[in-house]
Structure formats: structure tokens, C-alpha cells
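# After the sequence you'll find the predicted model.
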Amino acid sequence: MKHHINIRALASKLFTHFVLIIATLVIGLPFVWMLSTSIKGPTEVAMFPPVWWPKVVRFDNFVTAWNTAPFGRFYVNSIVTAAAGVILGVVTAAFAAYAFARIRYKHRNFFFLVMLAAMMIPGQVALIPNYVILAKLNWINTYQGIVVPHVANVFGAFLLRQYFLTIPDDLYDAAQIDGLGHTRTLFHVALPLSRPVLGTLLLYLFIQKWNAYLWPLIVTNKQNMRTLPVGLAMIRSAEYSIGPEHLMAASIFVLMPVLIAYFLAQKQLIEGIAAGAVKG
Amino acid sequence: MWTFFAFTGPTFILLAVFIFWPIFYSFYLSLFKWNMVSPRKTFLGLQNYKDMFSDDVFRLVVKNTLIMAFFTVVVKMAISLYLATQLNKKIRGSNFYRAIIFSPTFTANVAIAMVWAWIFEPTYGLMRSFLRPLGLPMIDWLKSTSHSLPAVIIVLIWSGIGYDMVLFLAALKNVPLEIYEAAIVDGASPFHVFWKITFPLISPTTFFLTITGFINVLKAFDIARIMTEGGPLNSSNVYVHYLYQNAFQWFRAGYASALALVLFLFIMIITLIQNRLSKSWVHY
């Protein structure tokens, strides 16, 4: 009888693994297929049924892909705009979060609700007005045009405020007794104590900005101002007659930094999201 | 008070300029015919809104968007809930499975669309080698009026499963173990335990994912833009993509603003209903 139960438990465990392996394959195969295509020669790309591992590994596809468009410039644009966006976003969010957590003001709750209301408004609604504003400022085809409209970061402000509230009052009081003003309390007490949530927020924002497509597409029309996703989408058009192997190699340029960051910090990122961070 | 405003000021100024003001400005623009560059705007009153009702493409786009939202959300949530229940069992390698299944969440949509366009390629694509053994004919997914929208939906499901799964998993972990033990002592079958106990207990997550998932698909742009550009013959054209075409390809800023405002109102209504409902009938 006991033996029987063990077999059933084992069978159910195997079944669980079976289901999860299938799911992992379905999600993972497109990535493998991308990688596999990126190192094939043109004849192996045009083979059916497809080959998974080419006879000759063609790393020169990456060189060709890199040279079809100014990918070096796209990289610089993406790094500058994502980094600036993240830093400005986190700093403004931290100030707002601190005010909502620690600075007493009669109408604080009202303003908090106003801020949360902004989170419900879909950014897509603001595309045309934002474009018009930036055109008036002469910010089309500029870094500030890509960055500034998306600096305000309600989600981050909310997340940091929740965290600041969990820091014991004693620590804030001690800072006050030491003569620290609000700004220095924020930078010397609140933010250093929030390091775990700050790390997740930074990474999360960076990935979001790195991957952004619609807004950078709208606000840039000069090739040398494009970010990586916009530049990648562009080389697929007819004027660039390049093969799938080069498209996949170029896609890997875009993915690489994020995939590396993701696999280094995946536990923190996934658990940050699971902890209801996004739920608000 | 002044410190309060100094600290929150940057956030509120940016929100006012780039989020709140655009709603009013969109409404203003929606009353005009304007090509975005010319200094002259022609006043039309509510004509742009009336035009939406007689615009066949608009009707098709709304239909496509709703179909896409419905199928994406339903299929994605069913699969991810099932996977979450499997991951919730104590098994080796669960972190590995979770990391891979979640990875599309952080992958650039442009790259996702790029690889999937190549997967759907009719002659050498990966999809063909999976469908051929099933005896299915060669399909040019992205150039077929009947298959382009399903192709986009498949990609949205693929890329969204991980996120839903992780949130379901977090919800499942919050269900107290004693409840299961009590039910098993009472002789309930696992199937019964799931539908009578687990499912009601995770209903806040299910509800949250349904609503936010639905809204997110209404706002989707990237995948459809890159895989099909809404084609062929608008068969995979969806709301934000049509808005983009009107505004930035055809320079019909007035009409596009009307589209934006209607989307805004629709999403606001859904959000308000969500707030109402989550207070009344979701089990906590």
C-alpha cells in the first residue's frame, strides 16, 4: 500500500516536471531559434526542415549586422536616454515619496490621490499633445525629448513611499536631532535604508526605458538620434535588404544587456514584482 | 508646506505638463481638422467623433482590438494559472522554470516581434516545421487576412504568460496550508479543493490580472506595428496602431485626438468599474 502511494507521488511529480519542461521549451525556443539563426550562413537559413546548429558557425553575421546601420550610435543613444531617464526618474520619485511619507501638510492626501490618478491615465492618450509640446520646445530629435516626458514616475514614488513608511520614526527623529534637514535625511537616512527596493526599482525602470519603442519612434526622425529598438525595427524595412540571420544578430544586440541584467538579478526582479510591487 | 511643494513639485509639474494637460489639449484638438504642422486649424465641432461612427476601418479596428484583448487575456490567464499551480508544488528546478517562463516580460517587444516574424515565415519558419507533421498546409500567417490577427495574439500570449504566472504563484503561496490539510482530511478531491477553496481565495489576483491585462492589450502597439503594420487590409490593425497611423503617418491630428480621447474614456470607465467591483464581490 505504502509502495503504491510512492509510485503515485512520483508519477505526479514527473508529470509536473513534464508540464513545466514543455512550458519552458515553448517560451525558450524562440530565443534559441534567434541565436541559432544568427550564426547560420545564408544557405542554412533557407533550409527546411530547419537546422538548429550550423555546420560552420558564422560570427561574421554580427559584424555585418553591426555595419548595416549605425548601431554604435544607437547604443550610445539608448544608454544615455535610459540612464538619464532612470536617474531623473528615481530622484524626482524619491523626493515626492519622502514628502508623502514624512512631511506633514494639510492637503497631503488630496495630492496623493491626484498623483495616483495620473497612474490610471494611459500614456497613449498624451502622444499627440506631447509631440506638439516638444515641437514647440524644439526638442524633436533630442535626448531631452526622448527622456523628459516620461521622467515623472508615480509607480516609483508610490513604491518608495511605502518603503519609507516602514522605516522606524526613531531613525528620522535621530536625524532631526543631529540637525539634518529633510533633503539630507532623505539622502543619508531614507534612501540608504531602502537599498533593496531601490535596486529593484532602478533595474525595472532601466529595462522599461531600454525597451521603449513607441515614444522614441515618434520623437526621432533622424537616424543618428534613434534608440536601439527603433533602429532595429528600421533595418527590417525594404531599403535594407539583409537576411534573417542579420536581423536575428541585430536583435541580440538589443536583448543582450537586458538579458544579462535579468539573469544576474532575476530572483530580485521576479520577487519584486510578485511582492505586489506592480499591484500598487 | 513649502518643503512639501518643493519636494513634490518636480513630479507634479511633469505630470501636469505631460499627463494631465494632454487630456484637455486632446479634447481641444479633437474639435479641429489639423495636420500637426500648419499654423491653421479648421474648427469642426464634433465632426471627428461623428466620423468615427461612419469609418469602416475604425469599426474593424475596434473589433480586432476587442477580439485580441479577449483571447489574449483568457488564454494567457488559463495557461499561467495552470503553470502556477504546477510551480507551487515543491519540486526541484522551480526557480529555473520560473526564470525562463518569466523572461519575455523583460524582453524588448521589438526583438520579440522580430523573432516571431521569422518564426511565422511561411517557407523556412519554425512554425511550419511544427505544423507540418500535423498535416496542416503552409500558411503565410502575417500576409493572410485570416491569420495575421491570430499571429499577433499568439505572440501577446507567449510574452505575457510569465508575468501572470508569477502573480498567480504569489497568490497561491498566500493560501494557508492548513486549509488544504483540513479539506484533505475531509476527503475532498484535489479538483474540488482547487475550485472550491483555492480559486475563490486567489480571486483578487484573478480579477486584477483580468482588468489590467485587458487594459494593457487595448494599449498594445509594438507587436502589431512590427509584425504586420496592421495589415493586410487592416486585418490586424489595432486601436493604438490606428491612432498612430492617423496622427503620425497621415497627419490627421484632430481625428487621432478624438480616437485618443475615446480610448481614454473607455479605459477610465473600466478602471472605475474595477474599483467598484473589487470592493463588492471579490473574496478576500
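Noted; the coordinates are in hand. Everything numeric here is computed off the predicted structure, so don't read it as measured data.
# could you list every residue that touches residue B:238?
Counting by CB atoms under 8 Å, 6 or more residues apart in numbering or on different chains, residue B:238 touches B:61, B:64, B:65, B:68, B:152, B:220, B:221, B:224, B:230. C-beta: built from backbone N, CA, C; applies to glycine.
# What's the separation between the residue of the stretch 151-284 of chain B found nearest chain A and residue B:163?
For the stretch 151-284 of chain B, the residue closest to chain A is residue B:170, as judged by CB to the nearest CB, at 3.9 Å. Remark: distance between residue B:170 and residue B:163 (CB to CB, to the nearest Å) = 11 Å.
# the more surrounded of the two?
Taking other CB atoms under 10 Å in any protein chain shown, residue B:170 and residue B:163 do not tie; residue B:163 has more neighbours (24 against 19).
# Any stretches of the stretch 51-200 of chain A with poor pLDDT?
Regions of the stretch 51-200 of chain A meeting the criterion pLDDT under 70 are absent.
# re the thing from before, can you narrow the contacts of residue B:238 to ones near chain A?
Filtering the contacts of residue B:238 for neighbours of chain A using CB under 8 Å from any CB of the partner chain leaves residue B:221.
# and of the contacts of residue B:238, the nearest to residue A:225?
Residue A:225 has its nearest neighbour among those in residue B:221, at 20.2 Å by CB to CB.
# Any residues of the stretch 151-284 of chain B in contact with chain A? List them.
Counting by CB under 8 Å from any CB, the stretch 151-284 of chain B sits next to chain A at B:158, B:161-163, B:166-167, B:169-170, B:208, B:215, B:218-219, B:221-222, B:225-226, B:240, B:243-244, B:247-248, B:253, B:256-257, B:260-261, B:263-264, B:267-268, B:271.
# Which of these fall in helices?
B:158, B:161-163, B:166-167, B:169-170, B:208, B:215, B:218, B:222, B:225-226, B:240, B:243-244, B:253, B:256-257, B:260-261, B:263-264, B:267-268, B:271 (DSSP state H).
# From these, list the buried ones, please.
Among these, those classed as buried by 16 or more other CB atoms under 10 Å in any protein chain shown are B:158, B:161-163, B:166-167, B:169-170, B:208, B:215, B:218, B:222, B:225-226, B:240, B:243-244, B:253, B:256-257, B:260-261, B:263-264, B:267-268, B:271.
# about what we covered before: what would the contacts of residue B:238 look like in JSON lines with neighbour count and pLDDT?
Below are these laid out as JSON lines (neighbours: other CB atoms under 10 Å in any protein chain shown; pLDDT from 0 to 100):
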{"residue": "B:61", "neighbour count": "23", "pLDDT": "97"}
{"residue": "B:64", "neighbour count": "24", "pLDDT": "97"}
{"residue": "B:65", "neighbour count": "23", "pLDDT": "97"}
{"residue": "B:68", "neighbour count": "23", "pLDDT": "97"}
{"residue": "B:152", "neighbour count": "28", "pLDDT": "97"}
{"residue": "B:220", "neighbour count": "21", "pLDDT": "95"}
{"residue": "B:221", "neighbour count": "20", "pLDDT": "96"}
{"residue": "B:224", "neighbour count": "29", "pLDDT": "95"}
{"residue": "B:230", "neighbour count": "24", "pLDDT": "92"}
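# Among the contacts of residue B:238, which one sits closest to residue B:6?
Using CB to CB, these come closest to residue B:6 at residue B:221, 36.6 Å.
# For the residue nearest to the closest one when sequence neighbours are not counted, give me its contacts.
Nearest non-adjacent residue to residue B:221, counting by CB to CB, 6 or more residues apart in numbering or on different chains: residue B:240, 4.3 Å away. Going by CB under 8 Å, 6+ apart, residue B:240 touches A:124, A:214, B:218, B:219, B:220, B:221, B:263.
# same thing but at 10 Å, please
Shown in contact with residue B:240 (CB atoms under 10 Å, 6 or more residues apart in numbering or on different chains): A:122, A:124-125, A:127, A:214, B:61, B:65, B:218-222, B:224-225, B:259-260, B:263.
# Tell me where the longest helix sits in chain A.
Chain A, longest helix under DSSP H: helix A:2-38.
# tell me what that one is packed against?
Using 3 or more CB pairs under 10 Å, 6 or more residues apart in numbering or on different chains; DSSP states H and E, the elements in contact with helix A:2-38 are helix A:42-45, helix A:60-68, helix A:244-272, helix B:56-87, helix B:94-102, helix B:109-119, helix B:126-131, helix B:148-173.
# Report whether stretch B:9-26 contacts chain A.
Yes. Using CB under 10 Å from any CB of the partner chain, stretch B:9-26 reaches chain A at B:9-26.
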